[in-house]
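[1] All I have is the shape, not the residue letters:
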Ligand SMILES: [Zn+2]
Ligand SMILES: [Zn+2]
């Protein structure tokens, strides 16, 4: 078969597979369940997961200006990033926090659907968004370990998955594709454990949140984190109590630096 014929055949085959997929797994809005017309929609983009009507609540990328430390978004016309007042007064244990999105609009609906209603198809979308943010904010850093914030064993068993891990499951593959070489970091899901069954943080103020999480994490393997730059991954960062408590435990047991990348930041 000539090279041209082969290329033609492969393209026909790809198109057929796509049509078959659309037939077997039609796109449905994760929020309201209506069918989404797949024409003109790039697979795995936000438009492939939410209908036009639901998308009206908006989709907000994490853009400057924000706090260079905690990533708090400034809603003013001053475009320069700078350190926010709370960070000047009481610095976080985390070296810096960056996000893929602002925690508002459609993503505020999407994250609970993913976490509590097992709409796991969203993992691919979240992973793509998170990886783009990783490239933007962390690709120039020497990172040793990427670590999804662990859940308590019982909670993970009940839910069936750790949402933070699902969002970085294919990070190595994505990295390899982007840079044509394997990354220097490893994904670590075992060195840190959550040993305290905490109350849901919703409805708590900052101090209550901190108290709720006190001593919630335990370093299981000190050797692997010793002198390492660890990038924590989580879905949402509001007051940052969870990530910060995890960072505290890691730093106390020898980590060099702890940073965070989250899907959405308030
Ligand atoms: Zn919808
Ligand atoms: Zn700040």
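    Nice, I can see it. For clarity, every value in this text was computed on a predicted model and none was experimentally measured. Ligands and ions are numbered 1, 2, ... in the order given.
[2] And the helices in the stretch 51-200 of the chain?
    52-55, 85-89, 106-116, 122-138, 153-159, 163-166, 171-179 (DSSP state H, counting those that start in this stretch).
[3] Please enumerate residues in contact with the last one?
    Taking CB atoms under 8 Å, 6 or more residues apart in numbering as the criterion, the residues outside helix 171-179 that touch it are 127, 128, 131, 134, 135, 146, 182, 183, 187. Backbone N, C-alpha and C define where each C-beta goes, glycine included.
[4] And that helix, what's buried?
    171, 174, 175 (16 or more other CB atoms under 10 Å).
[5] so which of these comes closest to residue 193?
    residue 171 (21.2 Å; CB to CB).
[6] That closest one and residue 135, how far apart?
    Distance of residue 171 to residue 135, given as CB to CB, to the nearest Å: 11 Å.
[7] what does residue 258 give?
    20 Å.
[8] neighbour-wise, which of those two wins?
    residue 258 (26 against 14; other CB atoms under 10 Å).
[9] Ignoring the adjacent residues along the chain, who's closest to that one?
    residue 247 (3.9 Å; CB to CB, 6 or more residues apart in numbering).
[10] My read is that residue 98 contacts residue 137, right?
    Yes - counting by CB atoms under 8 Å, residue 98 does reach residue 137; the two are 4.0 Å apart.
[11] Are there residues contacting both of those two? Which ones?
    residue 261.
[12] thinking again about what came up before, to ligand 2, which of the helices of the stretch 51-200 of the chain lies closest?
    Nearest to ligand 2, of all the helices of the stretch 51-200 of the chain, is helix 85-89, at 3.3 Å by CB to the ion.
[13] For the closest one, buried residues please.
    Here helix 85-89 shows 86, 87 as buried, counting by 16+ other CB under 10 Å.
[14] What mean pLDDT does that helix get?
    Per-residue pLDDT values over helix 85-89 give a mean of 93.
[15] just checking, what packs against it?
    Other helices and strands packing on helix 85-89, by 3 or more CB pairs under 8 Å, 6 or more residues apart in numbering; DSSP states H and E, are absent; none qualifies.
[16] hmm, it touching ligand 2?
    Yes - counting by CB under 5 Å from the ion, contacts between helix 85-89 and ligand 2 involve residue 87.
[17] Now do residue 24, the pLDDT please.
    67.
[18] Could you do residue 196 as well?
    With respect to pLDDT, residue 196 scores 83.
[19] can you tell me the distance between the two ends of stretch 183-202?
    Taking CA to CA, to the nearest Å, stretch 183-202 runs 36 Å from one end to the other.
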